[in-house]
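**Student:** predicted model and sequence follow; I will ask about them next.
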Amino acid sequence: MKINSPLEAYKYLPQTNCGECGEPTCMAFASKLIDRSGKTTDCPPLIKEKKFAKKLAELDKLLAPEIREVAIGVGDRVAKIGGDDVLYRHKLTFFNKTKMFFDVTDTMEEAALVERVKKITDYKKFYVGRNLLLDGVAIRAASNDPAKFAAAVKKVIESTELPVILCSFNPAVLKAGLEVAKDKNPLLYAANKDNWKEVGELALEYKVPVVVSAFNDLDALKSLAKTFAEAGIKDIVLDPGTYPTGKGLKDTFTNFLKIRRAGIMGDTEIAYPIMAMPLTAWMSGISDPISASYWETVLASVFTIRYGDIMLLHSMDPYATMPEVHLAETIYTDPRSPVAVDSKMYKVGTPDENSPVLFTTNFALTYYTVESDLASNGINCWLLAVNTDGIGVEASVAGGQLTADKVKDAFEKSGFDLKKDVTHNTVITPGLAARLQGDLEDKLGTKVLVGPMDSGRLPGFMEKNWPPKQ
Amino acid sequence: MAKKVKLSEMTDMFKDVEILSLEGVTIEGDIELDLSGLGGGFDPMLAAILGQENAVLAQHFARLAGIFGVPVGFGGAPAAGASAAAPAVSPALAAPKFKDLIPSKFDFSNIEEWTTQIQEVPIGNTSADGGSRGKRVVVGGEKALPFFPDAPMPNRNQVTIDVFDMRIGLAKAVKENYDEVMDSPGEWAKKNVEKFNADMITIHLISTDPLVKDTPAKEAAKTVEEVLQAVDVPIAIGGSGNPQKDPLVLAKAAEVAEGERCLLASASLNLDYAAIAEAALKYDHDVLSWTQLDMNAQKELNRKLMKQCNVPRDRIIMDPTTAALGYGLDYAYTNMERIRLAALMGDEELTFPMSSGTTNAWGARESWMVSSPLKEDSDWGPREYRGPIWEIVTGLSLAIAGNDLFMMMHPTSVAVLKHITQTLFGTIEAEPIDLANWIGSGV
Ligand code: B12
Ligand code: SF4
């Protein structure tokens, strides 16, 4: 982004304060553009009225992220990568979480291929109200045979909606794959110093994003990117090579840093998303699969943090994928605001007037942890999420966002009446909020039971304490 | 098949990281010895299951050889079977659009704002320094973010492995490694150093907590002496976390460990930090300055230690708090990265090495629960493999953010964390790997 104050963006807006964007003033809207929570398309006059066309074009240029955003695939599961403006997440936030593509080869048995693709597609890990997923399939032309490759690509795209990467250095093989997958906007891997003309031509002909590859040679990588850009190819991804061990790995780490720093600092010729290949861990001679999975996860972690935008991975073992998807979520959550749920009364299962009433905070991690502990144990109940500005129980008790007044306020706002909506007039607090008990009894005029410290122990607690003795 | 490999084997594989990188030659000879007589058809899995002592050893070395690139006479090349077909360029496709590659040079410049060096802090006194430690550990000294090309890192990351002064509840995967030594802090410390390659030991005097055993400070100090005698690596001494008792306990421990330059853990804003600082100065120790995910609190405490308590700069290490992957690592990561960036840019209240209680990773459900509490989740797999990698990823992330010293528990986590941080540090050699054929390789 070439500008950094709302004032600069304001100059390009209609300045009528019409309010159609949902903001009271154009200036307010301008600050949303600068923190990237709003897009120019959200201002109807700017988009619709001809007289603003020039300003719109200029503004879009100024607002474009430093690192080019590239989309792979089509439909709901399209994988967007790149689009970053900063080197450190606290300076703004990172955009477009690192995308995890898992490999298959065209030499796999058909049944095994389909099974693996299904496994990639169906993977999910619940986390703060959503599922962490895997992002795509990288199809390796291990056979180097166009017909075989085309058949494998066909099988894969029939089996999944996920985006695909077509992997071969042989243009004839890539073309065969493209013929089958041309409507799916696949990523072409890869153009290198030997095949770049042919692969570049394919990218132009089929209008697909393409990887340029030069192992541990940034001059060559930049040459390729520049040559492609000048030929009109916009969607470029960089592969500087991922060496899995020793000095090679250190060089790779350095290359990723250098590329991203140059890009963010304004070198547009190399300001593209970067591809990492943790799967090269499997080429490093580690013979037992668990150690290889571990090492692959280690590489994935390093490059999730330091600027890998898309990754090719191999191990589908849960102890590899789970930390990988969690770390991408960690590094890419917006540090400007804690993830929170709406502060209101939630029903867990099918509660009635005899069901217990509990409260927790609106920090998404806390809320969903508690909710899933209750739901998965079949406890029907009422669960109030108190607005603690998205802070968890212990920190909000310590920081003053969780008080008896706040809980009372939340009950009132939710419209839930402890005296009428339930028969027991009892509230269960988190164990870590035990010190609110007395105050709560006074303020709410109800009985207050102190629950366990960890919501995972709620089932046992309920067995002992519910229904409450009158 | 995959499930049968024991974690302990993997731990061995990564165990002697530094030894290998420094003394590669001797080891190389050993490996050749052990591997003689093994043909290319050797099946390490099978051998391991059969429990053949020699074969298992050879297998470890073979793996080591692979990952460290130590040349050994082992037959089975890892990526053998890779299809060697060169990219056949079809002339029909040759493009008129492109003529020649446009030459371009990649430019890279250092960050000018990084003007301040992080303080170097030594832990442990050898006989030359008036103590009895066999070696000294030095942390800090960076002039750039970790592993960045702007300026080389002067000191590698260090790992201190936890010892507790009483038997405690631990995740199953961790406990397995320590069960037989948990009643003897000395034996426990020894095992950490001898078997698990700990750079340092942390003795946590948790039994001193009035709500636990209320062990008197004097008695707890005996445990510290026991550990100092059992091992000769530098040690960190931790209290129970009780703000009233910790200053007393740490002061007594500091006294019996006089002259050893231990790391006293911790001074914090909610206890009598001045008492801890005083003990450190009087008996020649370092202070761990611990705050809870709050950069401003960290500045405040460091300032107080320096200005109020006169602790010299080369005796302060910070612990800005570690939250586990999935449980606040986003805060912990960014807190450390911000602290380190501010320090490099000249904030003298933050120019100290950092320490992480990486063991916190074991608090995450994903690391210890038998299986997912949600039936919709994909299979979580065996927990004995989940826990160590959770600790590794938590620690590794913080290593990249700027953390120097790691307090850890699982031996595999220690081994792998050391291996990756030392690779990025630049002291690990490995045989170069040809990536050109990755598409067709047998991965
Ligand atoms: C991440 C974190 C933060 C983040 C908070 C992020 C957020 N959005 O919440 C940040 C950096 C902002 C933070 C700040 C502070 N923190 Co803080 N923080 C932590 C940390 C590392 C993890 C907390 C967490 O997220 N846990 C996971 C969630 C899911 O847990 P939870 O909300 O408690 O929910 C569990 C239980 O409470 C229970 N539960 C929840 N709801 C319910 C409901 C019922 C009915 C029942 C029965 C059970 C139940 O089950 C849940 C699952 O186990 C802990 C240390 C640790 N490792 O625990 C310190 C900790 C909580 N923080 C602490 C402190 C002191 C603070 C600060 C005051 C520090 C400061 N000087 O600024 C500030 C306060 C900020 C504020 N309130 O404005 C202390 C609290 C000490 C105390 N007991 O008083 C802790 C324990 C660290 C410590 N050891 O000293 N912190
Ligand atoms: S819609 Fe456009 S013109 Fe109207 S207030 Fe918003 S920014 Fe201003």
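**Tutor:** Thanks, I have the structure now. Ligands and ions are numbered 1, 2, ... in the order given.

**Student:** which non-adjacent residue is nearest the most centrally placed residue in chain A?
**Tutor:** For chain A, residue A:97 is the residue whose C-alpha lies nearest the centre (C-alpha atoms, centre = their mean; 3.9 Å). Among residues not flanking residue A:97 along the chain, residue A:332 sits closest, at 4.1 Å (C-beta to C-beta, 6 or more residues apart in numbering or on different chains). No exception for glycine: its C-beta is placed from N, CA and C like everyone else's.

**Student:** so for the residue nearest to the centre of chain A, what's the pLDDT?
**Tutor:** Listed pLDDT for residue A:97 reads 98.

**Student:** now the strands for the stretch 101-250 of chain B?
**Tutor:** Secondary structure of the stretch 101-250 of chain B (DSSP state E, counting those that start in this stretch): strands at B:120-123, B:137-140, B:158-164, B:200-204, B:235-238.

**Student:** so which bits of the stretch 1-150 of chain A are right by ligand 2?
**Tutor:** With C-beta under 6 Å from any ligand atom as the criterion, the stretch 1-150 of chain A meets ligand 2 at residues A:13-14, A:16-21, A:23, A:26, A:29, A:43-46.

**Student:** from those residues, which single one is nearest ligand 1?
**Tutor:** Ranked by distance to ligand 1 (C-beta to the nearest ligand atom), these are led by residue A:23 at 26.8 Å.

**Student:** so what's the gap between the helix or strand hosting residue A:397 and the chain middle?
**Tutor:** For residue A:397, the host element (DSSP states H and E) is helix A:393-399. In terms of C-alpha atoms, centre = their mean, to the nearest Å, the centre of helix A:393-399 is found 27 Å from the chain centre.

**Student:** let me see the domain layout of chain A.
**Tutor:** Following automatic domain parsing, one gets these domains for chain A: A:6-63, A:69-332, A:345-465.

**Student:** nearest to residue B:180, of those domains?
**Tutor:** Taking C-beta to C-beta, domain A:69-332 is the member of the domains of chain A nearest to residue B:180, at 24.3 Å.

**Student:** roughly how far is that closest one from the heart of the chain?
**Tutor:** Mean-position distance between domain A:69-332 and its chain equals 15 Å (C-alpha atoms, centre = their mean).

**Student:** so what's the residue count around residue B:336?
**Tutor:** Residue B:336: 25 surrounding residues under other C-beta atoms under 10 Å in any protein chain shown.

**Student:** then residue B:307?
**Tutor:** Residue B:307: 10 neighbours (other C-beta under 10 Å).

**Student:** picking up where we left off before, now the buried members of the residues of the stretch 1-150 of chain A next to ligand 2.
**Tutor:** Taking 16 or more other C-beta atoms under 10 Å in any protein chain shown as the criterion, what is buried in these is A:13, A:14, A:21, A:23, A:26, A:29, A:43, A:45, A:46.

**Student:** ok, now which ones touch residue A:298?
**Tutor:** Contacts for residue A:298 were tallied using C-beta atoms under 8 Å, 6 or more residues apart in numbering or on different chains; they are A:281, B:392, B:393, B:396, B:416, B:420.

**Student:** test my guess that residue B:424 contacts residue A:299.
**Tutor:** No - contact between residue B:424 and residue A:299 fails when scored by C-beta atoms under 8 Å: they sit 10.9 Å apart.

**Student:** give me the more crowded residue out of these two.
**Tutor:** A direct count of neighbours by other C-beta under 10 Å for residue B:424 and residue A:299 places residue A:299 higher, at 29 against 25.

**Student:** what about that one, which SS state?
**Tutor:** Classification of residue A:299 using DSSP: H, G, I helix; E, B strand; the rest coil returns helix.

**Student:** any idea how far it is from residue A:277?
**Tutor:** Residue A:299 is 8 Å from residue A:277, where distance means C-beta to C-beta, to the nearest Å.

**Student:** shared neighbours, those two?
**Tutor:** residue A:242.

**Student:** count the residues that sit near the residue nearest to residue A:97.
**Tutor:** Residues near residue A:332, counting by other C-beta under 10 Å, number 18.

**Student:** which residues are in contact with residue A:61?
**Tutor:** Residue A:61 sits next to residue A:2 when contact means C-beta under 8 Å, 6+ apart.

**Student:** number of residues surrounding the residue in the stretch 101-250 of chain B positioned nearest to ligand 2?
**Tutor:** Nearest residue of the stretch 101-250 of chain B to ligand 2 (C-beta to the nearest ligand atom) works out as residue B:113 at 35.3 Å. Residue B:113: 10 surrounding residues under other C-beta under 10 Å.

**Student:** same deal with the one 5 residues further on?
**Tutor:** Counted with other C-beta under 10 Å, the burial measure for residue B:118 works out to 24 neighbours.

**Student:** I'd say it and residue B:142 touch.
**Tutor:** Yes - applying C-beta under 8 Å as the test, residue B:118 and residue B:142 come out as touching, 4.6 Å apart.

**Student:** overlap of the contact sets of these two?
**Tutor:** Shared contacts of residue B:118 and residue B:142, defined by C-beta under 8 Å, 6+ apart, are found at B:340, B:344.
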